[in-house]
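**Q** A structural model of the following input is requested.
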Amino acid sequence: MKQSLIIWTSAVIITFLVGFFQNRTSPEYPISGTFGVNGQKVSYHLKKVHREKGDYNLMLRTDVKDLQGIVTWRLYDGKQNWNVDKMKYSDGILTVNIPSQDALSKIEYRISLSSNNKEYFLPKNHSGTILFLGPVPSSISIHYYLTLFIGLILAIRTGLEFFNNKPRLRLYSIFTLISFFSCAMIFAPVRKAYEMGTIGSTVPPISELFEVWLVALVMIWIITLILISYTKNPKNWILTFSIITVILFLSQDFF
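**A** Numbers count the residues shown, from 1 in each chain. Now for the predicted structure:
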């Protein structure tokens, strides 16, 4: 009982750390920071992906009451002329609305700030981008992330059975496969279809609906289940494929 509790706790902690690291290193992670203007703070948190309905509200927090802001933006393809919008100041916040775009559209933008004849630019040294995606119902998002992270916890938990004297490899592997299969084959394609804005309008190519890395996880755990059922040293396989699962999860943005 004590050993099982330790293994489960370890699996949850490892999953949390892996998820935290993947989130922080993801290309979708917002650009944020704080810098000084006239001895006062200006903070920003600039999203790279907009998943909600309606316009994107670009916002800066500032202690500088006379800070002026201008946002220039256009579609990322570079064929449009630049749009120029002045940011509005209210109660320590500078804001501007960038109109909602079609799903999968990307815009590039640049923020120019000025105070006391000094100019400041955000993001620093380059233009920012925002990818507009179709809104996904909460029920689909919850089931997607739930099946994904339950699968990841179970995959790590199964790998830790390597250190158990009486491992239950087949049982945990089956539940891991069920979780990843549900995520990859049911919820991920529906989520993708909503993000692409194709629900109720067009039927996208099947290849665009499935995440390669998720399908790979399903295949890996099918192979794992076969190997632990028909080989003499299944514990070695289970640890190997558990590590491969974590690597695939961390490298999902490269697919």
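
**Q** Now that residue 55 has come up, it's in contact with residue 95, right?
**A** No - contact criterion C-beta atoms under 8 Å: residue 55 and residue 95 do not qualify, at 10.6 Å. The C-beta positions use only the backbone N, C-alpha and C, and glycine is treated the same way.

**Q** Bridge partners for residue 56, pull those for me.
**A** residue 98 (DSSP bridges).

**Q** Poorly predicted segments of this structure, please.
**A** Within the chain, the stretches with pLDDT under 70 are 1.

**Q** Run through the helices of it in chain order.
**A** 2-25, 138-160, 169-182, 188-195, 206-209, 212-230, 234-250 (DSSP state H).

**Q** Columns distance to residue 111 and mean neighbour count on top of those, output as JSON lines?
**A** JSON lines is the format used below for those (distance: least, C-beta to C-beta, whole Å; neighbours: other C-beta atoms under 10 Å):
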{"stretch": "helix 2-25", "distance to residue 111": "23", "mean neighbour count": "13"}
{"stretch": "helix 138-160", "distance to residue 111": "29", "mean neighbour count": "20"}
{"stretch": "helix 169-182", "distance to residue 111": "41", "mean neighbour count": "20"}
{"stretch": "helix 188-195", "distance to residue 111": "26", "mean neighbour count": "20"}
{"stretch": "helix 206-209", "distance to residue 111": "33", "mean neighbour count": "10"}
{"stretch": "helix 212-230", "distance to residue 111": "34", "mean neighbour count": "18"}
{"stretch": "helix 234-250", "distance to residue 111": "32", "mean neighbour count": "18"}
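
**Q** Can you say which of those helices is nearest to residue 42?
**A** helix 2-25 (22.8 Å; C-beta to C-beta).

**Q** any idea how far residue 64 is from residue 25?
**A** In this view, residue 25 and residue 64 are 32 Å apart by C-beta to C-beta, to the nearest Å.

**Q** ugh, typo on my part, it should be residue 222
**A** Taking C-beta to C-beta, one finds residue 222 at 58 Å from residue 64.

**Q** same thing with residue 212?
**A** Distance, residue 212 to residue 64, using C-beta to C-beta: 46 Å.

**Q** isn't residue 119 right up against residue 112?
**A** Yes - counting by C-beta under 8 Å, residue 119 sits close enough to residue 112 to count as a contact (6.3 Å).

**Q** okay, the two: which has more neighbours?
**A** More neighbours surround residue 112 than the other of residue 119 and residue 112, with 15 against 10 (other C-beta atoms under 10 Å).
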